[in-house]
Structures are given as structure tokens and as C-alpha cells.
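Undergrad: Sequence and predicted structure, then a few things I'm wondering about:
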Protein chains: 2
Amino acid sequence: MVAHSIAAIETTEFRLPMVGELRWGSQSSLAEARHVLVTVTLSDGSSGVAEAPPRPTIYGETAATITAIVRDELAPRLLGQPATTAWARMAAIRNNHTAKGAIDIAVHAALAQSAGQSLAEQLGATRQRVRVSYILGIGARDEVLAEAERVVGQGVRVLKVKVGRDWNEDIARIHDLQAMFGDTVELYADANETMLTENAADRLATLRELGLRYCEEPLPVEQIRARARLRAQGILPIIADDSAFTLRDLHRELELDTFDILNIKTPRTGYTESLAMLALAGAAGKGGMVGSQAGSTIGTARAAIFAARPEIEHPSELSFFLKLREEITDRPLQLVDGWLEVCDALAVRIDPARLREMTVRG
Amino acid sequence: MVAHSIAAIETTEFRLPMVGELRWGSQSSLAEARHVLVTVTLSDGSSGVAEAPPRPTIYGETAATITAIVRDELAPRLLGQPATTAWARMAAIRNNHTAKGAIDIAVHAALAQSAGQSLAEQLGATRQRVRVSYILGIGARDEVLAEAERVVGQGVRVLKVKVGRDWNEDIARIHDLQAMFGDTVELYADANETMLTENAADRLATLRELGLRYCEEPLPVEQIRARARLRAQGILPIIADDSAFTLRDLHRELELDTFDILNIKTPRTGYTESLAMLALAGAAGKGGMVGSQAGSTIGTARAAIFAARPEIEHPSELSFFLKLREEITDRPLQLVDGWLEVCDALAVRIDPARLREMTVRG
């Protein structure tokens, strides 16, 4: 096998107008997505693209910092080096999660092209289709239910419901959704660290009685012993997200046994570290799902291919594209009865004319 | 009291040529410091400055990302807002430690000026002088010993020795230093997470027998239970640095009881969070020291004032200026028999002509 080196790394900032406004956590909202497209070219001329979604409140990145860190720190460490060593070389630079993640995924796409393989073959992603969930926004009752109706009409069959701002309202919303959809739609909860040690067990029990499947990050991540105790009670499977951003975090969390299912976000850990995390979690008997970093169709397609790994047995958050009004890809993704076809994700390409139109000039 | 609001935040990138090259960890080196000076102006015209040292391998920041995050995310959240709420408002943005830290310290300096107080009065920093340590570089034996001789000649009386690359060499170097300086110089170790669970207890015992005072981060930070067990053995006081970057990290570390002395770095947690961390650590019976982020004289002066808090009872790493050939301040700092006078730190000002000369034009 020829060891291809990295010949070029380019970044392009682009706009993605949204259908509505996205809100999450207590501090964050998003009216128009502005992402960075990363293109990696190898020494044999093959190339790959991936998407870095700037999330200042989650990872501290903006489009400007992503562009700067790629130009000033990451590209200088990678140009001329073997493509297969990219992730290890980037590990020297802290944080900048989605900048590094996008380079890693673009490298994989380029290597797959070079080898005449599909990305699915390259990743060992053998499923034909992946189960998809949708993250329901926070807002007034009518808005939330209208959004749910719209996306269920578009093929969503699993909804993730944010809880924690107002528990009684949260429960009322869950009742509303169950009244609307009955058994056709499954629900689970994301508490975004808003529960208290005094009420978390009761609240998880309530969610279980309501038939919800999981709860993501019930307690503040720094309360590591309380989280371990809560998980040991086995009330409802607990999903780790904020507590396990990286492989090093995951080692720590597994030492304390704080969760049941790992939420892997390929934009923040690339394919390389995502594969390592999936293997480590699996060896410890933990489940896996693929999370959303609110990616556009190109980012979601890349994540969907990873979600076709056989170890990913829980629904993955691969539906943010339903919130976007315009795209830079040559085709949309579609959901049918809760599933996304992996061959559709593999077929997605950038449309150069659309990309030009949406490019933000520096 | 009038609630002053923030009227302006400016950033200036400047160069700091060094005497030698600084190396740390396994990935990092530094030949010329390039830092960002942050100036905050309040609504009453008072102003303060502080220094953000870009450390891509520690915090993922560069001069370009610091400039961008201040301009695009931090300043828009702060301009027109009460100065006393600055840190809380910046908490919404993740990472970007030294960008946020510099704004917070500059806000404190501006508020002190506005109130006609010294920064020491404002911070409750009551000591007249602070005990200083120096971080000895990694390198060939002759270089390291020559550097030690030079800085001890300049008033250093505590040396922090990096260990972990080659244990036998490390021990030989400690013997060399003890032969050179006898009891006039105290030593402690920084293992930078390089020990193993199998050898850490033995190595700490060896360091204790050699008379070293502490060891910083003996084990990989993700091995949180092994770190707790090692600390419980009480062989040598353990300093927390990488394991406790933030207040949230500190809560987690105190839950598991993994360290004895907290290394607080004001450039990464500003004055506001540094004060909160010092209080929390103290309430848990932990000691405190002030660490170096390789600050120039302005950054070191700001850190030295914090180190004059009565709770800081261990030597602080306030001597990086000994490595710099040129400065942007109107006076140097000096060490006398291991001590730095706080009144000297309080007197340090930026020299506008020197700053102009060292400014990097964008």
C-alpha cells in the first residue's frame, strides 16, 4: 500500500439558513448555521470533504477560530505527512474539536477515494440503514408540537425531548406527544445536567414509567460520584455526552462507571477517535449512539456512515437537516419510517454552485 | 457605588524574544513568546490591561484565535454591561481560557483604578512579598545546570524539576542540583502525568527521600481512581494542575480527593474564578500555589498580586520573565533571596514605546 501524504487543506465558511431557531442548554441559540467546509487533498490527487460546525458555547470555536487554527497550527503539522497519521499529529493541539474532527473525516474520505472504497467499507460500517432520532426544540407548547408533527410527517420515529427548565411543563409535553403519536413514536429525554442529586432518581423513575427509553446527562458532570451512584441504581439507561467529549474523558468515566450508552459525535472526535471510543465503550459493555452536532447534510451523511457500524444499536441524532432551508449538497437526505438508508448517505456530494452561493467571503 | 459598564475591549499581539527555548510536556516548545495584550476601558474612562499567553498545546489558543474570540464572541457579550458581571457572562463561551482570563484580570485592574485602590487591596492580597519558584527547562545536563546557576544567581531559591523522560537521568540531575546548591535551594518535581500506577508510589518515595517538597501530576489525569489512591498513601504532597483547569474540574477532583495543593493559574481562570477555586480548595483543607503560564512581566506581576493572598502558602512560579530578552513594561521584576516584593508587582506599567516596538501588525 502506498503511504499517501497530505498535499493541501482548505477551509470554506458557508451559510445555512434555518427553518426556525435552535435553542439548547441555557445559553445557546442559533438562527442561521455558519459552518466551515474542510477539504483535504492527498499527494495522489484524491480528496475528501467534511464539515466543522462552530459551537462557541460547547467547544469554544467560531468559524474564525476554526479557520485560524487550521491555517496556523493544524495544516503546518500535517502537510507532507502520511495521511494515516493525521489524528495523532493533531492531538498535540488541545480543544478545537470540530476543526480537528473535520480534518480527520476529510482525510478518511480522501483515503477511501484513493483506495476505490466506499467510506462505509473503509470504516467497517456494515448496516444498510440506521435508526434516526430528532432533537425537539425548546419553546412554547404549540410551536413544539407543530415541530414534532412536521418532522414525524417527514419520517422521524424517535424524538429526544429536552427536560429541566420546568419539570411539570416537561411532563405535560411528554403526555402531549404521546397523545399525538401513540406507539408510533418513541421518546427519550435529555436533561442537560439540570437534575439534582435529591430528585434525579425520582425523575428518572417518572420518565421510565412514562415509557421513555433513556435519559442523557441527568446530573452536572462534575458530580461524578453522584452520577456513578445514580447509574448503579439502574432506573433508566443513562447517556453520556458532555461527560465524555474525548477518549481521555471516556477512560475516566468508565473508571467510575457513570453511564450506559455513549453518545459519539463524529464532528468532535473525527472518525479515528470515535472508532477508538466506540471500541473502548463496547469492551466495557456500554452501548453506543451517534449524536448530532447540528450538522448540515454533508456532516449528517458522514455521521450516518459511522452510525452504520454494527456496535451502534441505539437511534442516532441524524436529522438536523430537517431544520435547514438551504443546503450545499447535490441531494437531500430522507427518512422513511424512522430509518435513513446508508447508500443515500454515501451518495451525498457537495454541489459546487450551491457552495459558491452560500460561501461567506472573508 | 456606581456600576461601571465596559466601554471598550482591545487586543494587541506582541512579541517577546527569549533567552533560550522553552520545552514542556512531550509536544511543546517555544522559541519566541507571542502574547496578546488585552485592554479594557470602563464607562468612566478608567482602564486596565492583562496578558493572554497563547498555548495551543495546553488550551488550544493562538494569538489569532484569541483575537477572534474576543472580537466575535466575548466583546459583544460584554460591551455596555456591568464590569462586575464580566466573568459570569463569558462563562457561556467554552475553553478560550487565556482570552477570558485576560479580560477578567483587565476588568479587575480597571475597577481598581476606578475605585482608587491598588489591585492588592481589591483582591484582598495582604502579603508584602511572595515566595517564588522557577521551572527548570528540559535539556542536556550542562545546559540545565548552567540555567539553574544563572537563575539562582538572579535570586531564585526554589526550582521545579521536570521528571519523566528518563528517570535515572532525572535523579542524576537532582543530585547535581543538590551538590551545586546544598540547602540554599529547595526542589520539587513536575511529572507531567508520566508515571505509571505500578511505579508512582516508589518514585514519589524516592523523591521524598531526596528531600523534594512536592510532585505535580504524577499520573495521567484520566486515571482518577489511581490518583486518589496514590494521594491517600500520603507519600509526598501532590500538586494538581492539568486535572483542575477550571472550577468544575476542581469540584470533581475534590469529590475524589486526588491532590494536596492546587496550582492556580490566573491567566486561565482570571481573578474571579481563581478566587473561587482558592476558596473551594481551602475549604476542603487543600493548599494553594500560583502557577506560571510563562507570562511576561505584566502577566507575572498580575499573578504575583494574586499570590499575595494569605491562603497561598506554597512557592509560586513567578519567574518566567528571567527567560525573556525584551519586555513591554516600564520596569523589570526582581527576585531577592527567593522573594518577589508585591509593591514592585503593583508598580509595573506598560511602556507604550516598547509595546509599539514589539507589536505584531495584523
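TA: Received, thanks. Here the structure is a predicted model, which is why all the values come from computation and not from measurement.
Undergrad: From here on, just use CA atoms for contacts and neighbour counts.
TA: Noted.
Undergrad: So A:Val49 lies in a strand, does it not?
TA: Yes - using DSSP: H, G, I helix; E, B strand; the rest coil, the assignment for A:Val49 is a strand.
Undergrad: For the most centrally placed residue in chain A, list the residues it contacts.
TA: Most central in chain A under Cα atoms, centre = their mean is A:Ser292, positioned 2.7 Å from the mean C-alpha point. Neighbour list for A:Ser292: A:Lys265, A:Thr300, A:Ser316, A:Glu317, A:Leu318, A:Ser319, A:Phe320 [criterion: Cα atoms under 8 Å, 6 or more residues apart in numbering or on different chains].
Undergrad: out of those residues, who has the most neighbours?
TA: Among the contacts of A:Ser292, A:Leu318 has the most neighbours (other Cα atoms under 10 Å in any protein chain shown), with 33 neighbours.
Undergrad: Could you tell me which residues make contact with that residue?
TA: Residues near A:Leu318 by Cα under 8 Å, 6+ apart: A:Val132, A:Ser133, A:Tyr134, A:Val290, A:Gly291, A:Ser292, A:Thr300, A:Ala303, A:Ala304.
Undergrad: of all the residues you listed, which comes closest to chain B?
TA: Checking the contacts of A:Leu318 against chain B by Cα to the nearest Cα gives A:Ser292 as the nearest, at 18.2 Å.
Undergrad: Run through the stretch 51-200 of chain A and note the low-pLDDT ranges.
TA: The stretch 51-200 of chain A contains no residues with pLDDT under 70.
Undergrad: now the strands for it?
TA: A:129-131, A:134-135, A:158-162, A:186-190 (DSSP state E, counting those that start in this stretch).
Undergrad: Contact residues of chain A facing chain B?
TA: Residues of chain A lying near chain B by Cα under 8 Å from any Cα of the partner chain: A:27-28, A:56-60, A:62, A:64-65, A:68-69, A:73, A:92-96, A:222-225, A:248-249, A:251-252, A:255-256.
Undergrad: Buried among those? Make that a PyMOL selection.
TA: Provided next is the PyMOL selection string for whichever of these are buried by 16 or more other Cα atoms under 10 Å in any protein chain shown:
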select buried, chain A and resi 56+57+58+59+60+62+64+65+68+69+73+92+93+94+95+96+222+223+224+225+249+251+252+255+256
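Undergrad: So which of the residues of chain A next to chain B belong to helices?
TA: Residues of the residues of chain A next to chain B located in helices (DSSP state H): A:Ala64, A:Thr65, A:Ala68, A:Ile69, A:Ile224, A:Arg225, A:Arg248, A:Asp249, A:His251, A:Arg252, A:Glu255, A:Leu256.
Undergrad: count of residues packed around A:Pro352?
TA: 12.
Undergrad: And it, how far from chain B?
TA: 28 Å (Cα to the nearest Cα, to the nearest Å).
Undergrad: give me every residue that touches that residue.
TA: Going by Cα under 8 Å, 6+ apart, A:Pro352 touches A:Ile328.
Undergrad: Make TSV out of the strands of the stretch 51-200 of chain A and add mean neighbour count.
TA: Below are the strands of the stretch 51-200 of chain A laid out as TSV (neighbours: other Cα atoms under 10 Å in any protein chain shown):
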stretch	mean neighbour count
strand A:129-131	23
strand A:134-135	24
strand A:158-162	22
strand A:186-190	21
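Undergrad: Tell me which of the ones you listed approaches A:Arg231 most closely.
TA: For A:Arg231, the closest of the strands of the stretch 51-200 of chain A is strand A:186-190, at 15.1 Å, according to Cα to Cα.
Undergrad: Does anything pack onto the closest one? Which helices or strands?
TA: In this structure, strand A:186-190 packs against strand A:158-162, strand A:215-216, with contacts taken as 3 or more Cα pairs under 8 Å, 6 or more residues apart in numbering or on different chains; DSSP states H and E.
Undergrad: and A:Leu119, which of the ones you listed is closest to it?
TA: The nearest among the helices and strands packed on strand A:186-190, by Cα to Cα, is strand A:158-162 at 26.0 Å.
Undergrad: The closest one vs strand A:186-190, what angle?
TA: Compare the direction of strand A:158-162 with that of strand A:186-190 by axes from the mean of the first three to the mean of the last three Cα atoms, to 10 degrees and you get 30 degrees.
Undergrad: what lines up beside strand A:158-162 in the sheet?
TA: strand A:134-135 (parallel), strand A:186-190 (parallel) (DSSP bridges).
Undergrad: now those in TSV, with distance to B:Ala191?
TA: Shown next, in TSV, are the strands paired with strand A:158-162 (distance: least, Cα to Cα, whole Å):
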stretch	distance to B:Ala191
strand A:134-135	44
strand A:186-190	39
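Undergrad: residue ranges for the helices of chain A, please.
TA: Using DSSP H, helices in chain A cover A:63-69, A:75-78, A:86-90, A:97-115, A:119-123, A:141-153, A:167-181, A:200-209, A:224-232, A:247-256, A:266-283, A:297-307, A:342-347, A:352-358.
Undergrad: and among the ones you listed, the most buried is which?
TA: helix A:297-307 (a mean of 28; mean count of other Cα atoms under 10 Å in any protein chain shown).
Undergrad: Let me see the mean pLDDT of that one.
TA: The average pLDDT within helix A:297-307 is 97.
Undergrad: what's that helix in contact with?
TA: A:50-52, A:105, A:119-120, A:123, A:125, A:130, A:265-267, A:271, A:289-290, A:292, A:316, A:318-321, A:327-329, A:332-333, A:340, A:342, A:345-346, A:348-350.
Undergrad: Please save the CA atoms from that helix in CSV.
TA: Written as CSV, here are the backbone C-alpha positions of helix A:297-307 (Å, rounded to 0.1, in the frame of the first residue of the first chain):
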residue,chain,number,x,y,z
THR,A,297,-26.5,17.3,5.1
ILE,A,298,-22.8,16.7,4.4
GLY,A,299,-22.0,16.4,8.1
THR,A,300,-25.0,14.2,8.8
ALA,A,301,-24.1,12.0,5.9
ARG,A,302,-20.6,11.5,7.3
ALA,A,303,-22.1,10.8,10.8
ALA,A,304,-24.7,8.4,9.3
ILE,A,305,-22.0,6.3,7.7
PHE,A,306,-20.3,6.0,11.1
ALA,A,307,-23.6,5.1,12.7
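Undergrad: That helix: how far from the chain's middle?
TA: Offset of helix A:297-307 from its chain centre (Cα atoms, centre = their mean, to the nearest Å): 9 Å.
Undergrad: ok, back up a step: mind giving me JSON lines with the contacts of A:Ser292 and columns for distance to A:Ile174?
TA: What follows is those, written out as JSON lines (distance: Cα to Cα, whole Å):
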{"residue": "A:Lys265", "distance to A:Ile174": "26"}
{"residue": "A:Thr300", "distance to A:Ile174": "27"}
{"residue": "A:Ser316", "distance to A:Ile174": "20"}
{"residue": "A:Glu317", "distance to A:Ile174": "19"}
{"residue": "A:Leu318", "distance to A:Ile174": "21"}
{"residue": "A:Ser319", "distance to A:Ile174": "20"}
{"residue": "A:Phe320", "distance to A:Ile174": "21"}
